[in-house]
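Colleague: sequence unknown, structure follows:
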(Lines give C-alpha, C1' and ligand atoms only; values in the text may rest on other atoms or scores of the structure.)
Protein backbone atom coordinates (compact mmCIF):
# COMPACT_ATOMS: atom_id res chain seq x y z
CA UNK A 1 0.00 0.00 0.00
CA UNK A 2 1.56 3.26 -1.14
CA UNK A 3 1.43 6.62 0.67
CA UNK A 4 0.03 5.39 3.96
CA UNK A 5 0.21 7.45 7.16
CA UNK A 6 1.00 5.62 10.37
CA UNK A 7 0.98 6.66 14.01
CA UNK A 8 3.08 4.87 16.58
CA UNK A 9 1.91 5.57 20.15
CA UNK A 10 4.11 4.49 23.02
CA UNK A 11 3.01 5.10 26.61
CA UNK A 12 5.82 6.69 28.63
CA UNK A 13 7.14 4.58 31.54
CA UNK A 14 3.76 2.90 31.35
CA UNK A 15 3.40 0.79 34.50
CA UNK A 16 5.15 3.42 36.64
CA UNK A 17 2.98 6.22 35.21
CA UNK A 18 -0.20 4.25 35.97
CA UNK A 19 0.96 3.74 39.56
CA UNK A 20 1.84 7.43 39.88
CA UNK A 21 -1.61 8.28 38.53
CA UNK A 22 -3.25 5.97 41.07
CA UNK A 23 -1.07 6.92 44.03
CA UNK A 24 -0.15 10.62 44.26
CA UNK A 25 2.49 9.90 46.93
CA UNK A 26 4.62 8.17 44.29
CA UNK A 27 4.68 11.20 41.99
CA UNK A 28 8.04 12.85 41.46
CA UNK A 29 9.83 9.91 43.06
CA UNK A 30 12.09 7.24 41.56
CA UNK A 31 10.00 4.08 41.49
CA UNK A 32 10.62 0.69 39.93
CA UNK A 33 7.69 -1.57 39.12
CA UNK A 34 8.70 -5.13 39.83
CA UNK A 35 7.83 -8.06 37.64
CA UNK A 36 5.75 -10.22 39.96
CA UNK A 37 2.97 -9.46 42.34
CA UNK A 38 1.88 -11.20 45.51
CA UNK A 39 -1.29 -9.89 47.11
CA UNK A 40 -1.32 -12.62 49.71
CA UNK A 41 1.43 -11.13 51.81
CA UNK A 42 1.86 -7.81 53.48
CA UNK A 43 5.11 -6.28 52.25
CA UNK A 44 7.05 -3.71 54.15
CA UNK A 45 9.48 -2.16 51.75
CA UNK A 46 12.90 -1.13 52.89
CA UNK A 47 16.36 -1.21 51.31
CA UNK A 48 17.07 -4.30 53.42
CA UNK A 49 13.88 -6.05 52.42
CA UNK A 50 13.49 -5.93 48.64
CA UNK A 51 11.37 -8.33 46.65
CA UNK A 52 13.16 -11.65 46.32
CA UNK A 53 14.45 -12.16 42.76
CA UNK A 54 12.57 -9.87 40.48
CA UNK A 55 13.31 -7.45 37.68
CA UNK A 56 12.36 -3.85 37.03
CA UNK A 57 9.46 -4.15 34.60
CA UNK A 58 9.26 -0.35 34.29
CA UNK A 59 11.18 2.50 35.88
CA UNK A 60 9.57 5.89 36.42
CA UNK A 61 11.03 8.88 34.59
CA UNK A 62 12.67 9.98 37.83
CA UNK A 63 14.28 6.54 38.26
CA UNK A 64 15.46 6.50 34.64
CA UNK A 65 17.22 9.82 35.19
CA UNK A 66 19.12 8.17 38.05
CA UNK A 67 20.26 5.28 35.84
CA UNK A 68 17.61 2.60 36.50
CA UNK A 69 16.70 0.67 33.37
CA UNK A 70 13.97 -1.76 32.36
CA UNK A 71 14.82 -5.46 32.88
CA UNK A 72 17.49 -4.62 35.47
CA UNK A 73 17.46 -6.93 38.49
CA UNK A 74 15.99 -5.34 41.62
CA UNK A 75 19.22 -5.67 43.58
CA UNK A 76 21.22 -3.98 40.82
CA UNK A 77 18.64 -1.19 40.54
CA UNK A 78 18.81 -0.66 44.31
CA UNK A 79 22.60 -0.57 44.16
CA UNK A 80 22.52 2.14 41.47
CA UNK A 81 19.69 4.08 43.08
CA UNK A 82 19.33 3.40 46.84
CA UNK A 83 16.34 5.78 47.08
CA UNK A 84 14.43 3.69 44.52
CA UNK A 85 10.97 2.64 45.71
CA UNK A 86 10.25 -0.92 44.61
CA UNK A 87 6.57 -1.19 43.90
CA UNK A 88 4.83 -4.44 43.00
CA UNK A 89 3.19 -4.47 39.57
CA UNK A 90 -0.59 -4.71 39.21
CA UNK A 91 -1.19 -6.43 35.84
CA UNK A 92 -4.99 -6.17 36.03
CA UNK A 93 -4.77 -2.41 36.40
CA UNK A 94 -2.36 -2.06 33.45
CA UNK A 95 -4.48 -4.35 31.31
CA UNK A 96 -7.66 -2.34 32.01
CA UNK A 97 -5.92 0.93 31.07
CA UNK A 98 -4.42 -0.77 27.99
CA UNK A 99 -7.92 -1.74 26.79
CA UNK A 100 -9.05 1.82 27.54
CA UNK A 101 -6.37 3.48 25.38
CA UNK A 102 -6.75 0.99 22.53
CA UNK A 103 -10.51 1.74 22.59
CA UNK A 104 -9.63 5.45 22.28
CA UNK A 105 -7.48 4.67 19.22
CA UNK A 106 -10.29 2.63 17.65
CA UNK A 107 -12.47 5.73 17.90
CA UNK A 108 -10.18 7.31 15.28
CA UNK A 109 -9.46 4.35 12.97
CA UNK A 110 -10.37 0.67 12.82
CA UNK A 111 -6.83 -0.13 11.72
CA UNK A 112 -5.18 -0.47 15.14
CA UNK A 113 -2.43 -2.96 15.87
CA UNK A 114 -1.40 -3.36 19.52
CA UNK A 115 2.34 -4.00 19.30
CA UNK A 116 2.92 -4.67 22.98
CA UNK A 117 1.11 -3.91 26.22
CA UNK A 118 2.04 -0.23 26.03
CA UNK A 119 2.43 0.59 22.35
CA UNK A 120 0.24 0.44 19.28
CA UNK A 121 0.36 1.27 15.57
CA UNK A 122 -2.51 3.10 13.90
CA UNK A 123 -3.10 3.48 10.16
CA UNK A 124 -4.88 6.85 9.90
CA UNK A 125 -4.56 7.32 6.12
CA UNK A 126 -8.30 7.46 5.41
CA UNK A 127 -9.27 9.44 8.53
CA UNK A 128 -6.43 11.96 8.42
CA UNK A 129 -6.01 12.36 4.63
CA UNK A 130 -2.69 14.18 5.11
CA UNK A 131 0.04 14.75 7.70
CA UNK A 132 -1.68 17.83 9.13
CA UNK A 133 -4.78 15.71 9.71
CA UNK A 134 -2.59 13.02 11.32
CA UNK A 135 -1.08 15.61 13.69
CA UNK A 136 -4.61 16.75 14.65
CA UNK A 137 -5.57 13.13 15.37
CA UNK A 138 -2.44 12.71 17.52
CA UNK A 139 -3.33 15.80 19.56
CA UNK A 140 -6.95 14.68 19.92
CA UNK A 141 -5.76 11.25 21.13
CA UNK A 142 -3.51 12.95 23.65
CA UNK A 143 -6.53 14.89 25.00
CA UNK A 144 -8.60 11.71 25.24
CA UNK A 145 -5.78 9.91 27.10
CA UNK A 146 -5.68 12.75 29.60
CA UNK A 147 -9.46 12.72 30.12
CA UNK A 148 -10.01 8.98 30.27
CA UNK A 149 -6.76 7.62 31.75
CA UNK A 150 -5.38 10.53 33.80
CA UNK A 151 -2.94 13.39 33.44
CA UNK A 152 0.06 11.30 34.55
CA UNK A 153 -0.39 8.76 31.76
CA UNK A 154 1.30 10.29 28.74
CA UNK A 155 2.47 8.96 25.39
CA UNK A 156 5.13 9.66 22.78
CA UNK A 157 3.69 9.73 19.28
CA UNK A 158 5.50 9.28 15.99
CA UNK A 159 3.93 9.96 12.58
CA UNK A 160 5.48 8.70 9.34
CA UNK A 161 4.82 6.89 6.09
CA UNK A 162 5.83 3.43 7.34
CA UNK A 163 5.48 1.56 10.61
CA UNK A 164 9.23 1.26 11.12
CA UNK A 165 9.69 5.02 10.64
CA UNK A 166 6.69 5.92 12.83
CA UNK A 167 8.22 3.90 15.67
CA UNK A 168 11.65 5.43 15.14
CA UNK A 169 10.08 8.91 15.13
CA UNK A 170 7.98 8.24 18.24
CA UNK A 171 10.94 6.99 20.20
CA UNK A 172 13.13 9.97 19.28
CA UNK A 173 11.40 12.34 21.74
CA UNK A 174 10.46 11.06 25.19
CA UNK A 175 8.47 11.69 27.26
CA UNK A 176 5.30 13.13 25.75
CA UNK A 177 6.84 13.82 22.33
CA UNK A 178 5.11 14.32 18.99
CA UNK A 179 7.44 13.76 16.05
CA UNK A 180 6.35 13.96 12.43
CA UNK A 181 8.63 12.67 9.69
CA UNK A 182 7.38 13.80 6.28
CA UNK A 183 8.25 11.56 3.31
CA UNK A 184 10.96 13.88 1.96
CA UNK A 185 12.51 14.18 5.44
CA UNK A 186 12.87 10.44 5.93
CA UNK A 187 16.55 10.04 4.99
CA UNK A 188 17.83 13.15 6.81
CA UNK A 189 15.91 11.99 9.93
CA UNK A 190 17.05 8.38 9.84
CA UNK A 191 20.67 9.50 9.43
CA UNK A 192 20.47 11.26 12.80
CA UNK A 193 19.64 7.99 14.54
CA UNK A 194 21.89 5.14 15.73
CA UNK A 195 21.54 1.65 14.26
CA UNK A 196 20.19 0.24 17.52
CA UNK A 197 17.42 2.86 17.60
CA UNK A 198 15.67 0.94 14.82
CA UNK A 199 13.20 -1.71 15.97
CA UNK A 200 14.76 -4.89 14.58
CA UNK A 201 18.41 -4.06 15.25
CA UNK A 202 19.55 -5.31 18.62
CA UNK A 203 23.08 -5.61 20.01
CA UNK A 204 23.80 -8.87 18.13
CA UNK A 205 22.65 -7.61 14.72
CA UNK A 206 24.55 -4.38 15.31
CA UNK A 207 27.74 -6.32 16.08
CA UNK A 208 27.33 -8.32 12.87
CA UNK A 209 26.76 -5.12 10.91
CA UNK A 210 29.92 -3.63 12.46
CA UNK A 211 31.87 -6.69 11.28
CA UNK A 212 30.72 -5.81 7.75
CA UNK A 213 31.93 -2.23 8.29
CA UNK A 214 28.42 -0.78 8.66
CA UNK A 215 28.12 1.67 11.53
CA UNK A 216 25.30 3.95 10.33
CA UNK A 217 22.24 3.97 8.10
CA UNK A 218 23.97 5.77 5.21
CA UNK A 219 26.50 2.93 5.02
CA UNK A 220 23.70 0.36 5.28
CA UNK A 221 21.94 1.93 2.27
CA UNK A 222 25.04 1.85 0.07
CA UNK A 223 26.22 -1.61 1.15
CA UNK A 224 25.88 -4.16 -1.72
CA UNK A 225 22.49 -5.79 -1.53
CA UNK A 226 23.78 -9.25 -2.46
CA UNK A 227 26.36 -9.20 0.36
CA UNK A 228 23.71 -8.18 2.88
CA UNK A 229 21.52 -11.05 1.73
CA UNK A 230 24.49 -13.38 1.95
CA UNK A 231 25.19 -12.32 5.55
CA UNK A 232 21.61 -12.09 6.90
CA UNK A 233 19.42 -13.93 4.39
CA UNK A 234 16.05 -12.30 3.73
CA UNK A 235 16.47 -10.26 6.89
CA UNK A 236 19.33 -8.43 5.17
CA UNK A 237 16.90 -7.21 2.50
CA UNK A 238 14.52 -5.98 5.22
CA UNK A 239 17.40 -4.14 6.89
CA UNK A 240 18.31 -2.42 3.63
CA UNK A 241 14.71 -1.34 3.04
CA UNK A 242 14.45 -0.10 6.61
CA UNK A 243 17.58 2.02 6.07
CA UNK A 244 15.55 3.86 3.41
CA UNK A 245 12.65 4.18 5.89
CA UNK A 246 10.62 1.66 3.91
CA UNK A 247 8.60 -1.16 5.45
CA UNK A 248 6.02 -3.11 3.48
CA UNK A 249 4.13 -4.40 6.55
CA UNK A 250 0.64 -3.03 6.98
CA UNK A 251 -1.94 -3.01 9.76
CA UNK A 252 -4.63 -5.63 9.70
CA UNK A 253 -7.71 -4.51 11.61
CA UNK A 254 -9.26 -6.78 14.22
CA UNK A 255 -12.30 -7.18 11.91
CA UNK A 256 -10.08 -8.46 9.09
CA UNK A 257 -8.23 -10.73 11.54
CA UNK A 258 -11.48 -12.23 12.82
CA UNK A 259 -12.43 -13.14 9.24
CA UNK A 260 -9.36 -15.37 8.89
CA UNK A 261 -9.17 -17.37 12.12
CA UNK A 262 -6.02 -19.43 12.54
CA UNK A 263 -5.19 -22.26 14.91
CA UNK A 264 -2.51 -21.20 17.39
CA UNK A 265 0.80 -23.01 17.00
CA UNK A 266 1.41 -23.64 20.67
CA UNK A 267 0.17 -22.84 24.16
CA UNK A 268 2.87 -22.59 26.80
CA UNK A 269 3.82 -21.25 30.17
CA UNK A 270 7.16 -20.87 31.93
CA UNK A 271 8.03 -19.65 35.39
CA UNK A 272 11.15 -18.39 37.11
CA UNK A 273 11.20 -20.06 40.53
CA UNK A 274 11.36 -17.86 43.64
CA UNK A 275 14.86 -19.26 44.26
CA UNK A 276 17.15 -21.73 42.48
CA UNK A 277 16.40 -25.24 43.64
CA UNK A 278 17.83 -28.74 43.38
CA UNK A 279 14.76 -30.24 45.04
CA UNK A 280 12.89 -32.34 42.45
CA UNK A 281 9.67 -32.17 44.51
CA UNK A 282 9.61 -28.38 44.28
CA UNK A 283 10.21 -28.42 40.52
CA UNK A 284 7.53 -31.09 40.18
CA UNK A 285 4.95 -28.96 42.00
CA UNK A 286 5.61 -25.90 39.83
CA UNK A 287 5.50 -28.04 36.71
CA UNK A 288 2.13 -29.48 37.77
CA UNK A 289 0.72 -25.95 38.23
CA UNK A 290 2.03 -24.89 34.82
CA UNK A 291 0.57 -28.00 33.14
CA UNK A 292 -2.84 -27.29 34.72
CA UNK A 293 -2.69 -23.70 33.48
CA UNK A 294 -1.83 -24.79 29.93
CA UNK A 295 -4.47 -27.54 29.97
CA UNK A 296 -7.14 -25.06 31.13
CA UNK A 297 -6.28 -22.72 28.26
CA UNK A 298 -6.49 -25.63 25.81
CA UNK A 299 -9.92 -26.71 27.08
CA UNK A 300 -11.21 -23.13 27.27
CA UNK A 301 -10.25 -22.54 23.63
CA UNK A 302 -11.52 -25.96 22.49
CA UNK A 303 -8.05 -27.22 21.53
CA UNK A 304 -6.21 -30.49 21.93
CA UNK A 305 -2.44 -30.98 21.75
CA UNK A 306 -0.51 -33.87 20.23
CA UNK A 307 2.91 -32.80 21.43
CA UNK A 308 4.38 -31.45 24.63
CA UNK A 309 7.79 -29.92 25.19
CA UNK A 310 9.33 -29.27 28.58
CA UNK A 311 12.36 -27.18 29.34
CA UNK A 312 14.46 -26.03 32.26
CA UNK A 313 16.98 -23.25 32.75
CA UNK A 314 19.73 -23.85 35.24
CA UNK A 315 21.21 -21.36 37.69
CA UNK A 316 24.10 -20.66 35.28
CA UNK A 317 21.51 -19.71 32.60
CA UNK A 318 22.26 -22.77 30.47
CA UNK A 319 19.15 -24.65 29.48
CA UNK A 320 17.79 -27.92 28.16
CA UNK A 321 14.52 -29.04 26.63
CA UNK A 322 12.89 -31.89 24.78
CA UNK A 323 9.57 -32.73 23.24
CA UNK A 324 7.32 -35.75 23.09
CA UNK A 325 4.42 -36.59 20.77
CA UNK A 326 1.15 -38.32 21.71
CA UNK A 327 -0.85 -40.71 19.60
CA UNK A 328 -4.10 -39.08 20.70
CA UNK A 329 -4.68 -35.40 21.35
CA UNK A 330 -5.12 -34.28 24.96
CA UNK A 331 -6.18 -31.27 26.99
CA UNK A 332 -5.69 -32.92 30.37
CA UNK A 333 -3.30 -31.32 32.84
CA UNK A 334 -2.20 -34.59 34.42
CA UNK A 335 -1.39 -36.18 31.04
CA UNK A 336 0.68 -33.14 30.08
CA UNK A 337 2.39 -33.24 33.47
CA UNK A 338 3.30 -36.95 33.34
CA UNK A 339 4.96 -36.49 29.96
CA UNK A 340 6.61 -33.18 30.87
CA UNK A 341 7.97 -34.59 34.12
CA UNK A 342 9.44 -37.66 32.41
CA UNK A 343 11.21 -35.27 30.00
CA UNK A 344 12.58 -33.10 32.80
CA UNK A 345 13.72 -36.12 34.83
CA UNK A 346 15.83 -37.14 31.85
CA UNK A 347 17.21 -33.63 31.34
CA UNK A 348 18.10 -32.72 34.90
CA UNK A 349 19.78 -34.88 37.53
CA UNK A 350 19.13 -32.14 40.13
CA UNK A 351 22.79 -31.68 40.99
CA UNK A 352 22.70 -28.31 39.18
CA UNK A 353 20.07 -25.98 40.69
CA UNK A 354 17.15 -25.11 38.45
CA UNK A 355 16.12 -21.49 37.90
CA UNK A 356 13.19 -21.75 35.49
CA UNK A 357 10.80 -24.43 34.35
CA UNK A 358 8.42 -24.34 31.41
CA UNK A 359 6.13 -26.39 29.21
CA UNK A 360 4.57 -25.89 25.83
CA UNK A 361 1.75 -27.85 24.20
CA UNK A 362 2.00 -27.93 20.40
CA UNK A 363 0.67 -29.64 17.29
CA UNK A 364 -2.72 -28.16 18.19
CA UNK A 365 -6.09 -28.70 16.58
CA UNK A 366 -9.63 -27.75 17.44
CA UNK A 367 -11.59 -30.60 18.99
CA UNK A 368 -12.09 -32.70 22.09
CA UNK A 369 -10.16 -35.73 23.28
CA UNK A 370 -11.73 -39.07 22.37
CA UNK A 371 -14.00 -40.32 25.17
CA UNK A 372 -12.54 -43.14 27.20
CA UNK A 373 -14.17 -46.55 27.63
CA UNK A 374 -12.93 -46.83 31.21
CA UNK A 375 -15.16 -45.75 34.08
CA UNK A 376 -12.38 -44.06 36.09
CA UNK A 377 -11.33 -41.88 33.16
CA UNK A 378 -14.95 -41.04 32.38
CA UNK A 379 -15.33 -39.84 35.98
CA UNK A 380 -12.20 -37.71 35.69
CA UNK A 381 -13.51 -36.14 32.48
CA UNK A 382 -16.78 -35.24 34.23
CA UNK A 383 -14.85 -33.83 37.18
CA UNK A 384 -12.65 -31.70 34.90
CA UNK A 385 -15.77 -30.46 33.14
CA UNK A 386 -17.29 -29.40 36.48
CA UNK A 387 -14.04 -27.70 37.58
CA UNK A 388 -13.91 -25.82 34.27
CA UNK A 389 -17.43 -24.54 34.91
CA UNK A 390 -16.36 -23.31 38.34
CA UNK A 391 -13.24 -21.66 36.95
CA UNK A 392 -15.23 -19.90 34.22
CA UNK A 393 -17.66 -18.58 36.79
CA UNK A 394 -15.35 -17.69 39.70
CA UNK A 395 -11.84 -17.38 38.22
CA UNK A 396 -8.62 -19.37 38.35
CA UNK A 397 -8.24 -19.25 42.15
CA UNK A 398 -11.36 -21.33 42.72
CA UNK A 399 -9.69 -24.75 42.85
CA UNK A 400 -6.28 -26.27 43.28
CA UNK A 401 -4.84 -29.75 43.41
CA UNK A 402 -3.88 -30.73 46.96
CA UNK A 403 -0.30 -31.33 45.76
CA UNK A 404 -0.09 -27.75 44.52
CA UNK A 405 -1.90 -26.09 47.39
CA UNK A 406 1.18 -24.23 48.65
CA UNK A 407 2.70 -23.54 45.24
CA UNK A 408 1.79 -20.07 44.05
CA UNK A 409 2.40 -18.92 40.51
CA UNK A 410 2.55 -15.14 40.86
CA UNK A 411 1.18 -13.12 37.96
CA UNK A 412 3.79 -11.24 35.96
CA UNK A 413 3.65 -7.59 35.00
CA UNK A 414 6.20 -7.81 32.23
CA UNK A 415 6.13 -9.32 28.77
CA UNK A 416 3.84 -8.93 25.80
CA UNK A 417 0.73 -10.30 27.45
CA UNK A 418 -0.81 -10.24 30.88
CA UNK A 419 -0.99 -13.66 32.56
CA UNK A 420 -4.59 -13.19 33.69
CA UNK A 421 -5.69 -12.63 30.09
CA UNK A 422 -4.05 -15.79 28.76
CA UNK B 1 4.57 2.03 54.44
CA UNK B 2 2.80 -0.14 51.91
CA UNK B 3 0.39 -2.86 52.95
CA UNK B 4 -1.88 -5.30 51.17
CA UNK B 5 -5.08 -5.97 53.09
CA UNK B 6 -8.54 -7.38 52.65
CA UNK B 7 -10.47 -5.48 55.32
CA UNK B 8 -14.22 -4.87 55.00
CA UNK B 9 -15.03 -1.15 55.09
CA UNK B 10 -18.05 1.14 54.92
CA UNK B 11 -18.01 3.69 52.11
CA UNK B 12 -20.15 6.74 51.47
CA UNK B 13 -20.35 7.45 47.74
CA UNK B 14 -21.72 10.06 45.36
CA UNK B 15 -23.19 9.15 41.97
CA UNK B 16 -22.34 11.74 39.33
CA UNK B 17 -22.21 11.63 35.50
CA UNK B 18 -22.75 7.86 35.54
CA UNK B 19 -19.78 7.48 37.87
CA UNK B 20 -19.41 6.27 41.44
CA UNK B 21 -17.26 8.60 43.53
CA UNK B 22 -16.22 7.43 47.02
CA UNK B 23 -16.40 10.38 49.41
CA UNK B 24 -15.77 8.97 52.87
CA UNK B 25 -14.79 5.61 54.32
CA UNK B 26 -14.86 4.01 57.73
CA UNK B 27 -12.07 1.58 58.51
CA UNK B 28 -11.31 0.19 61.99
CA UNK B 29 -13.88 2.55 63.57
CA UNK B 30 -12.12 5.59 62.10
CA UNK B 31 -13.51 7.85 59.38
CA UNK B 32 -11.38 9.06 56.46
CA UNK B 33 -12.40 11.88 54.12
CA UNK B 34 -11.48 10.99 50.55
CA UNK B 35 -9.98 14.01 48.84
CA UNK B 36 -9.27 12.63 45.38
CA UNK B 37 -10.33 9.73 43.20
CA UNK B 38 -7.14 9.25 41.18
CA UNK B 39 -7.98 6.21 39.07
CA UNK B 40 -10.82 3.73 38.64
CA UNK B 41 -10.27 0.39 36.98
CA UNK B 42 -12.00 -2.95 36.76
CA UNK B 43 -10.89 -6.57 36.72
CA UNK B 44 -12.54 -9.91 36.20
CA UNK B 45 -12.91 -12.65 38.77
CA UNK B 46 -14.33 -15.38 36.56
CA UNK B 47 -17.50 -13.89 35.08
CA UNK B 48 -17.75 -11.26 37.80
CA UNK B 49 -16.52 -7.72 37.18
CA UNK B 50 -14.88 -6.09 40.19
CA UNK B 51 -14.21 -2.35 40.46
CA UNK B 52 -11.15 -0.80 42.09
CA UNK B 53 -10.93 2.82 43.22
CA UNK B 54 -7.50 4.34 43.81
CA UNK B 55 -8.22 7.21 46.18
CA UNK B 56 -6.27 9.40 48.58
CA UNK B 57 -6.55 11.81 51.47
CA UNK B 58 -3.74 14.19 52.45
CA UNK B 59 -1.48 11.47 53.88
CA UNK B 60 -2.72 8.09 52.66
CA UNK B 61 -3.34 6.25 49.43
CA UNK B 62 -6.14 3.67 49.59
CA UNK B 63 -7.17 1.10 47.02
CA UNK B 64 -10.81 0.19 47.51
CA UNK B 65 -12.48 -2.86 46.00
CA UNK B 66 -16.19 -2.90 45.17
CA UNK B 67 -17.93 -6.17 44.41
CA UNK B 68 -21.06 -5.06 42.51
CA UNK B 69 -22.76 -8.44 43.01
CA UNK B 70 -23.11 -8.05 46.75
CA UNK B 71 -22.17 -4.34 47.07
CA UNK B 72 -19.34 -5.16 49.49
CA UNK B 73 -16.40 -2.80 49.85
CA UNK B 74 -12.92 -3.84 50.96
CA UNK B 75 -9.75 -1.91 51.61
CA UNK B 76 -7.12 -3.88 49.68
CA UNK B 77 -4.11 -1.58 49.63
CA UNK B 78 -2.77 1.14 51.89
CA UNK B 79 0.25 3.36 51.24
CA UNK B 80 1.27 5.98 53.72
CA UNK B 81 3.80 8.59 52.76
CA UNK B 82 7.04 8.75 54.71
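Modeller: That came in fine, so what should we check first? Nothing here was measured: the structure is a model prediction, and the numbers come from that model.

Colleague: doesn't residue B:73 fall inside a helix?
Modeller: No - with the criterion set as DSSP: H, G, I helix; E, B strand; the rest coil, the secondary structure at residue B:73 is strand rather than a helix.

Colleague: Spell out which residues of the stretch 251-400 of chain A are next to chain B.
Modeller: The stretch 251-400 of chain A has residues A:391, A:392, A:393, A:394, A:395, A:397, A:398 near chain B, with proximity defined as Cβ under 8 Å from any Cβ of the partner chain. To be clear about C-beta, it is placed using only N, CA and C from the backbone, and glycine gets the same treatment.

Colleague: Looking at those residues, which two lie furthest apart in space?
Modeller: Of all pairs drawn from those, the greatest distance, 12.9 Å, lies between A:392 and A:397 (Cβ to Cβ).

Colleague: Tell me which of those two has more neighbours.
Modeller: residue A:392 (14 against 9; other Cβ atoms under 10 Å in any protein chain shown).

Colleague: Which secondary structure element is home to the more buried one?
Modeller: Secondary structure here is read from DSSP states H and E; on that basis residue A:392 sits in helix A:375-394.

Colleague: Residue A:270: what's it in contact with?
Modeller: Contact partners of residue A:270, counting by Cβ atoms under 8 Å, 6 or more residues apart in numbering or on different chains, are A:290, A:311, A:356, A:357, A:358, A:359.

Colleague: So what are the sheet partners of the helix or strand hosting the last one and their directions?
Modeller: When secondary structure is defined by DSSP H and E, residue A:359 falls within strand A:354-366. Applying DSSP bridges, strand A:354-366 is found paired with strand A:266-277 (antiparallel), strand A:303-314 (antiparallel).

Colleague: what comes up buried for it?
Modeller: The neighbour-count check on strand A:354-366 (16 or more other Cβ atoms under 10 Å in any protein chain shown) flags A:354, A:355, A:356, A:357, A:358, A:359, A:360, A:361, A:362, A:364 as buried.

Colleague: for stretch B:10-17, which positions count as buried?
Modeller: Residues of stretch B:10-17 classed as buried by neighbour count (16+ other Cβ under 10 Å): B:11, B:13.

Colleague: Give the rounded mean pLDDT of stretch A:78-97.
Modeller: If you average the pLDDT over stretch A:78-97, you get 92.

Colleague: What separation is there between residue A:306 and residue A:293?
Modeller: 19 Å (Cβ to Cβ, to the nearest Å).

Colleague: Mind checking which of these two has more residues around it?
Modeller: In this comparison of residue A:306 against residue A:293, neighbours counted by other Cβ under 10 Å, the higher total goes to residue A:293 at 21 against 15.

Colleague: Give me the neighbour count for the closest residue to the more buried one other than its chain neighbours.
Modeller: Across the structure, with Cβ to Cβ, 6 or more residues apart in numbering or on different chains as the measure, the residue nearest residue A:293 apart from its sequence neighbours is residue A:269 (5.1 Å). Neighbourhood size, residue A:269 [other Cβ under 10 Å]: 19.

Colleague: tell me the contacts of residue A:269?
Modeller: So residue A:269 contacts A:290, A:293, A:294, A:358, A:359, A:360, A:422 (Cβ under 8 Å, 6+ apart).

Colleague: again, only using 6 Å
Modeller: With contacts taken as Cβ atoms under 6 Å, 6 or more residues apart in numbering or on different chains, residue A:269 has the following neighbours: A:290, A:293, A:294.

Colleague: Beta-bridge partners for it, please?
Modeller: Here residue A:269 sits in beta bridges with residue A:359, going by DSSP bridges.

Colleague: do you know how far it is from chain B?
Modeller: The gap separating residue A:269 from chain B is 19 Å, by Cβ to the nearest Cβ, to the nearest Å.

Colleague: Next secondary structure after the helix or strand harbouring residue A:231?
Modeller: The secondary structure element spanning residue A:231 is helix A:225-232 (assigned by DSSP H and E). Tracing the chain C-terminally past helix A:225-232 and defining elements by DSSP H and E, one meets helix A:234-243 next.

Colleague: Which pLDDT value goes with residue A:3?
Modeller: In this prediction, residue A:3 has a pLDDT value of 87.

Colleague: Name all residues that make contact with it.
Modeller: Residues in contact with residue A:3, defined by Cβ under 6 Å, 6+ apart, are absent; none qualify.

Colleague: That one in helix, strand or coil?
Modeller: The assignment at residue A:3 comes out as coil when based on three-state DSSP.

Colleague: distance of it from residue A:243?
Modeller: Using Cβ to Cβ, one gets 20 Å for the distance from residue A:3 to residue A:243.

Colleague: same check, this time on residue A:324
Modeller: With distances taken as Cβ to Cβ, residue A:324 is found 44 Å from residue A:243.

Colleague: re the thing from before, what lies in contact with the strand holding residue A:359?
Modeller: Applying Cβ under 6 Å, 6+ apart, the external contacts of strand A:354-366 come out as A:263-264, A:266-268, A:270, A:272, A:276-277, A:283, A:286-287, A:290-291, A:294, A:302-303, A:305-313, A:315, A:340.
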